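Enquirer: Here's a sequence, model it:
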Amino acid sequence: IHGYESVLASTTEKALEGLSLNDADKMKDKLASLQLRYNGVREDCDNHQEQINEVYKALGDVRRNVAAATAMTDRAKEQVSEMAPLATSIPVLNSQLKETLVHLDSIDAVKPEIASLTEQCSAACELPLLQAAPKLQKEVLKYPETVEDNLKKLESSALQRK
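Expert: Got it, this is the predicted structure:
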């Protein structure tokens, strides 16, 4: 019907020409009522589409940030796996300590990403459409916790080397 209102109106006018005035008025009233209902449904659909687009965008942003934080965490894991076993000589130990400190710095670089991710997840869960889906909210709020848990494990292993 959208976009064909003028065609519908002219067709209706032609159809009403052979009716009595009373019948024509009843038909016009009924059509006007249907048009109002249609407009209301259309507006509701547009509003729902906007809400879906907001959620889609928010979840896309969350996914991108999860991927970035995960990539940073994976790089930190690779650094750990590349580290040599603890040495017994002082010069090598000093070198390994510097390497461990660099590793801890790379872990610290992920922390602001996790904070940003936590804020984004909380903001996404404030969207009306997600408020109506507590199961999905719970999943969204798990993302930063999972990344943070992995980061804490890495940090712990690095501190044990130190």
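
Enquirer: which one's the longest helix in this structure?
Expert: helix 21-82 (DSSP state H).

Enquirer: Run the chain-centre distance for that helix.
Expert: 12 Å (C-alpha atoms, centre = their mean, to the nearest Å).

Enquirer: Following element in sequence after it, please.
Expert: Sequence order places helix 90-125 as the next helix or strand after helix 21-82, per DSSP states H and E.

Enquirer: what angle separates that following helix from helix 21-82?
Expert: 170 degrees (axes from the mean of the first three to the mean of the last three C-alpha atoms, to 10 degrees).

Enquirer: Which other helices and strands does helix 90-125 contact?
Expert: Helix 90-125 sits against helix 21-82, helix 134-161, with contacts defined as 3 or more C-beta pairs under 8 Å, 6 or more residues apart in numbering; DSSP states H and E. No exception for glycine: its C-beta is placed from N, CA and C like everyone else's.

Enquirer: let's see it at 10 Å
Expert: For helix 90-125, the contact count by 3 or more C-beta pairs under 10 Å, 6 or more residues apart in numbering; DSSP states H and E identifies helix 21-82, helix 128-131, helix 134-161 as packing neighbours.

Enquirer: Now tabulate the ones you listed in CSV and tack on distance to E99 and mean neighbour count.
Expert: Formatted as CSV, the helices and strands packed on helix 90-125 follow (distance: least, C-beta to C-beta, whole Å; neighbours: other C-beta atoms under 10 Å):
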stretch, distance to E99, mean neighbour count
helix 21-82, 8, 13
helix 128-131, 43, 14
helix 134-161, 9, 15
